[in-house]
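Undergrad: task: produce atomic coordinates for the following.
(one chain, ligands or ions: 1)
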Amino acid sequence: MKSHARSHSPPLAAGPLFFASAKNPAGGLYVVLLLLLAAAPSTTTAPSYGTCAPSPDGIGRTYLGREIAQVMGHQAADWLERPEREHEEKPSLVVDLMELKSADVVADIGAGTGYFTFLMAPKVPQGKVLAVDIQQEMLDLLAAKSKQVGVKNVESVLGAEDDPKLPASAVDVVLMVDAYHEFSQPREMMESIVRSLKPGGRVVLIEYRGEDPKVNIKPHHKMTEAQAIKEMSAVGLKHLATKEDLPLQHMMIFEKPR
Ligand SMILES: C[S@@+](CC[C@H](N)C(=O)[O-])C[C@H]1O[C@@H](n2cnc3c(N)ncnc32)[C@H](O)[C@@H]1O
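TA: From the prediction side, this is the model:
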């Protein structure tokens with residue numbers, strides 16, 4: 001697997017060449033610039049990827065200590081649309097708790113068949129839902145449902161594994177349901193998602209509770225709250241709240257600083 005490690009911030013240079021002296025008065029300025037560079041919050045720091053022996057549901061690649069899960073294939077799309085889902089996971093409650101405004105632009109990233117896309121679309125009649133996925137087959141199913149339901153404010157976007165292909169500073173709320181833990185390049189995805197958010201925009205992250213052994217989901221498809229906060233904080237998002245109203249999942253809310 002190719003490495004996605006990025007270079008660290010430049011190390012502080014040492015040695016007499018870089019210090020101010022009567023002969024080299026600009027040296028002090030140089031040192032100050034280096035100190036500012038080293039202190040600045042940087043997205044160029046190493047993304048903390050690693051490798052491990054692949055688990056049955058993992059890809060053998062780690063991010064901040066977590067093994068990334070395999071992508072759920074479109075062949076399992078029926079599972080996303082199962083009728084008992086409303087009872088088991090309360091998706092309608094998720095959308096209510098999101099407190100969407102009628103003109104919001106929402107991005108449903110890892111939208112799959114659009115289960116959440118079509119719950120959100122009526123809540124943003126003056127806005128729209130951008131449904132992003134990397135599997136064209138999922139987007140085809142979503143397009144068929146869009147036609148069937150007759151909604152006009154849903155746009156599908158074929159993303160890349162490292163880029164949801166969203167416009168900059170254009171999105172009010174990003175929703176990711178049972179998808180983030182599958183991103184093979186979570187750091188690059190999240191950096192791009194943060195760029196797509198307006199200042200003060202929110203990320204709503206729904207993941208099966210990793211701390212709870214009673215949540216009967218494959219371990220790599222669950223996340224602990226602490227791990228999720230660690231990964232969102234790594235791209236500069238602020239944790240606002242975790243709502244524990246759902247039977248199986250954490251609903252974690254983050255904000256892009258204004
Ligand atoms: C388990 S499904 C969840 C679908 C939907 N959110 C739902 O809850 O019904 C996860 C989806 O995330 C998508 N996915 C995985 N990696 C992705 C990425 N980097 N960008 C966008 N979508 C991704 C998969 O293709 C899959 O459709």
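Undergrad: how about the helices in the stretch 1-150 of the chain?
TA: Using DSSP state H, counting those that start in this stretch, the helices of the stretch 1-150 of the chain run over 26-39, 77-80, 85-89, 91-98, 115-120, 136-149.
Undergrad: what distance do you get for the spatially closest residue to residue 251 that is not a sequence neighbour to residue 86?
TA: Among residues not flanking residue 251 along the chain, residue 243 sits closest, at 4.2 Å (Cβ to Cβ, 6 or more residues apart in numbering). All C-beta atoms are positioned from the backbone trio N, CA, C, and that covers glycine. The spacing between residue 243 and residue 86, counted by Cβ to Cβ, to the nearest Å, is 18 Å.
Undergrad: with neighbour numbers in mind, choose between these two.
TA: The neighbour comparison of residue 243 against residue 86 (other Cβ atoms under 10 Å) goes to residue 243, with 16 against 13.
Undergrad: residue 127 reaches residue 121, doesn't it?
TA: No. With contact defined as Cβ atoms under 8 Å, residue 127 does not reach residue 121; the gap is 9.2 Å.
Undergrad: break this structure down into its structural domains.
TA: When the chain is parsed with automatic domain parsing, its domains come out as 1-41, 72-255.
Undergrad: out of the ones you listed, flag the one nearest residue 48.
TA: In terms of Cβ to Cβ, the element of these nearest to residue 48 is domain 72-255, at 7.5 Å.
Undergrad: ok, now which ones touch residue 69?
TA: 57, 58, 59, 181, 182, 218, 220, 221 (Cβ atoms under 8 Å, 6 or more residues apart in numbering).
Undergrad: considering only those, which also neighbour the ligand?
TA: Near the ligand, judged by Cβ under 6 Å from any ligand atom, the entries from the contacts of residue 69 are residue 182.
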